[in-house]
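A.B. asks: Here's my sequence, what's the structure:
(chains A and B)
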Amino acid sequence: MRSILPLAAAALVTASAVPALAEEPGTGATLIHLAYSLDTFYFLMSGALVMWMAAGFAMLEAGLVRSRNTVEILTKNIALYAVACIMYMFVGYNIMYGGGPNGFLPGFGFLLGPDNGVGDVLGSAGEIYYSTMADFFFQVVFVATAMSIVSGAVAERMKLWSFLAFAVVMTGFIYPVEGYWKWGGGFLDSLGFLDFAGSGVVHLCGASAALAGVLLLGARKGKYAGGKVHAIPGANLPLATLGTFILWLGWFGFNGGSELKISNIEEANAVAMVFVNTNMAAAGGLVAALLLARAWFGKADLTMALNGALAGLVAITAEPLTPAPLAATVVGAVGGLLVVLSIVFIDKARIDDPVGAISVHGVVGIWGLIAVAFTNPEGSLLAQLAGIGVIFAWVFGTSIAAWAVIKAVLGIRISEEEELAGVDIAECGLEAYPEFTTSK
Amino acid sequence: MIYLTVEEILHIHIQLREKIMKKIESIIKPFKLDDLKAALHDLGVQGMTVVEVKGFGRQKGHTEIYRGAEYVVDFIPKIKVETVVPDDLVDQVVETILNTVRTGKIGDGKIFVLPVEKVCRIRTGETDNDAL
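C.D. replies: You can find the predicted model right below:
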């Protein structure tokens, strides 16, 4: 009972203050309250779905590495998520959304400001329609996604702490700066570059950083021994499949949430369209990759089918609203074909990417951005190409520099003996499935 | 009087032992395990130990493609069934295994018969044939 009294008092204050501030009848203010709550709720739930994608990446990667490297890849995945959250709260969010002086240089600041006041929301004529804390939460899970992409490509041979050191730079600086150029209102946005939910800002970004890391790191031992390309089959395909399903689910939050609003009929329809197109693109990508793998290799390679679904999702992320569902399926299917070709090509080029992250997120991310020019009437091929070039150049350049510094200071590669014994024991002192252990 | 060297005595000793028990190890195709277990049980075999193994013989391995790159499966999964039986059962057991697991295709496996020096049941301390 005691706790209700202050609430009742607050309600009274609100009720009397609202008409004076908003100059509106009570029902109008109530509707604004409701719409604000709904959009904030939608934002938070979408963010929670995207957070779950971290689990998807963790399972996918754990499934596609060998069993002796399972614990370490799981440690990297969950630790990078935590590092991303802390760095983005400290500086990343302010760099990305702090509003820079000229569109190139980002703003700077620490930590998070206060949330919207009731009066500000009611008096904003719909300009302010969701909580800034919800916005931070939604954005922070995106930077974690970008960083998750890197861990798969460098799996089975990179030092744990060097990887996490890179995560600090990536999530606190590299990602927020290019994020500012597009979503923070910087020069890429002014240029007419379109990237709905981040085929470029998130996925191409993650893949560019991964490529830089892999080039400095080298291939896994034995991968290209004797001048031939050797397959290193993943240890747990049920986990890889579960991971893909989780990512597919999380993507509804990733793309659906990026509509940023759901509280009126048009926006609700738009969100529904984004859900449908996201789903169709994944389906198209999977079927295309499965068929190509079957035709090319003679057998239905599950891992290629999984990569195909993810490729479809990455491809549609740049524009999941304007295409019709059939067109979205085609965009996804092209992504699915590209990813199979790209994985084989990149492997032949002696770039060792155990999970296909560079192909799925980089090559297909580029395809998704280009496809916008054909699926969105407002899209411009030139602006899309400019965006692709800028994001790749920035992320690849700064990443190479960051990896090089880390390599010089900490080293980035585990020793040959550690690699043979498995990075689980070397870095974590654990095995994923310990047997024959005794207490002293 | 016949004098025997130590080696000769040992040899006779081992031959006597061999008359008592044999260990029969069969490498078989995994899907034949249930049939074999039932058949040996019907014959009066009281126990067996089963191990999942991998190996190659004349069947050799096979080549597969993973993400566009070839790899070779050199060692093919088989089941190794180990059972120790009294000497007088050996021929029947071998015959039964042959008849039960043979498919006529390459990769049917092999049977090894080995002498067993001693058997001991841990719970009771019984030995040799009493312990089977």
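
A.B. asks: Report the separation between residue A:253 and residue A:271.
C.D. replies: Separation of residue A:253 from residue A:271 (Cβ to Cβ, to the nearest Å): 11 Å. C-beta here means a position set from N, CA and C on the backbone, and glycine is covered the same way.

A.B. asks: now residue B:64
C.D. replies: From residue B:64 to residue A:271 the distance is 43 Å (Cβ to Cβ).

A.B. asks: out of these two, which sits in the busier spot?
C.D. replies: Neighbours were counted for residue B:64 and for residue A:271 using other Cβ atoms under 10 Å in any protein chain shown; residue A:271 has more, 22 against 16.

A.B. asks: check contacts around the more buried one.
C.D. replies: Applying Cβ atoms under 8 Å, 6 or more residues apart in numbering or on different chains, we find residue A:271 in contact with A:42, A:256, A:259, A:262.

A.B. asks: Determine the number of other residues adjacent to the closest residue to residue B:85 other than its chain neighbours.
C.D. replies: Spatially, and ignoring its direct neighbours in sequence, residue B:85 is nearest to residue B:93 (5.5 Å; Cβ to Cβ, 6 or more residues apart in numbering or on different chains). Residue B:93 has 22 neighbouring residues, counting by other Cβ under 10 Å.

A.B. asks: hang on, residue B:93 in a helix?
C.D. replies: Yes. Under DSSP: H, G, I helix; E, B strand; the rest coil, residue B:93 sits within a helix.

A.B. asks: Can you verify my assumption that it contacts residue B:41?
C.D. replies: No. With contacts counted by Cβ atoms under 8 Å, residue B:93 stays clear of residue B:41, the gap being 11.4 Å.

A.B. asks: low-confidence ranges in chain B?
C.D. replies: Scanning chain B for pLDDT under 70 picks out B:1, B:13-19.

A.B. asks: quick revisit: would CSV of the contacts of residue A:271 with pLDDT be doable?
C.D. replies: CSV is the format used below for those (pLDDT from 0 to 100):
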residue, pLDDT
A:42, 96
A:256, 96
A:259, 95
A:262, 95
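
A.B. asks: and the residues you listed as CSV, adding distance to residue A:53?
C.D. replies: CSV is the format used below for the contacts of residue A:271 (distance: Cβ to Cβ, whole Å):
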residue, distance to residue A:53
A:42, 17
A:256, 13
A:259, 17
A:262, 20
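
A.B. asks: Pick the one among the residues you listed closest to chain B.
C.D. replies: Nearest to chain B among these is residue A:256, at 30.7 Å by Cβ to the nearest Cβ.

A.B. asks: Alpha carbons of the helix or strand hosting the closest one, as CSV, please.
C.D. replies: Using DSSP states H and E, the element containing residue A:256 is helix A:237-257. The C-alpha trace of helix A:237-257 is given here as CSV (Å, rounded to 0.1, in the frame of the first residue of the first chain):
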residue,chain,number,x,y,z
LEU,A,237,27.1,-29.6,-37.1
PRO,A,238,24.0,-29.7,-34.8
LEU,A,239,25.5,-26.7,-32.9
ALA,A,240,26.3,-24.9,-36.2
THR,A,241,22.7,-25.5,-37.3
LEU,A,242,21.3,-24.3,-34.0
GLY,A,243,23.5,-21.2,-34.3
THR,A,244,22.1,-20.5,-37.8
PHE,A,245,18.5,-20.8,-36.6
ILE,A,246,19.3,-18.4,-33.7
LEU,A,247,20.8,-15.9,-36.0
TRP,A,248,17.8,-16.2,-38.4
LEU,A,249,15.5,-15.5,-35.4
GLY,A,250,17.6,-12.7,-34.1
TRP,A,251,17.6,-11.1,-37.6
PHE,A,252,13.9,-10.2,-37.2
GLY,A,253,15.0,-7.9,-34.4
PHE,A,254,18.0,-6.7,-36.4
ASN,A,255,16.0,-5.7,-39.5
GLY,A,256,12.6,-5.4,-37.9
GLY,A,257,13.8,-3.1,-35.1
